[in-house]
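Colleague: Only the shape, not the letters, is given here:
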């Protein structure tokens, strides 16, 4: 399957370009459209995480930013599996039987 990269990468991004990048699940370079991108280690600060990303096709570099929106408990301290309680940290009511 051929890559959808452009012959000449963009030098500036628009809000629409950023939206397209997120809608493609961060899988293609927002500058040239190539899928050969590599992510570095993730750094976490409070409720945010950042990851440096590099496109091996056009040499663009950027940083993806993530915001923690909730937590999903999978095991309690006493060893019980607990895979049905999601606790949102931002907007909205608790999900799937989590306490209000």
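Modeller: Perfect, I can see it now. Remember, predicted model here, so these are calculated numbers, not experimental data.

Colleague: what residues are up against residue 38?
Modeller: Residues counted as contacts of residue 38 (Cβ atoms under 8 Å, 6 or more residues apart in numbering) are 53, 54, 56. For every residue, glycine as well, the C-beta is placed using N, CA and C.

Colleague: And the pLDDT for residue 41?
Modeller: Per-residue pLDDT puts residue 41 at 95.

Colleague: Over to the residue lying farthest from the centre of the chain. Which of the three states is it?
Modeller: Largest separation from the mean C-alpha position in the chain: residue 78, at 31.6 Å (Cα atoms, centre = their mean). At residue 78 the chain is in coil, as set by DSSP: H, G, I helix; E, B strand; the rest coil.

Colleague: okay, it: pLDDT?
Modeller: Looking at residue 78, the pLDDT reads 85.

Colleague: you'd agree residue 35 is in a helix?
Modeller: No: looking at residue 35 with three-state DSSP, it is coil, so not inside a helix.
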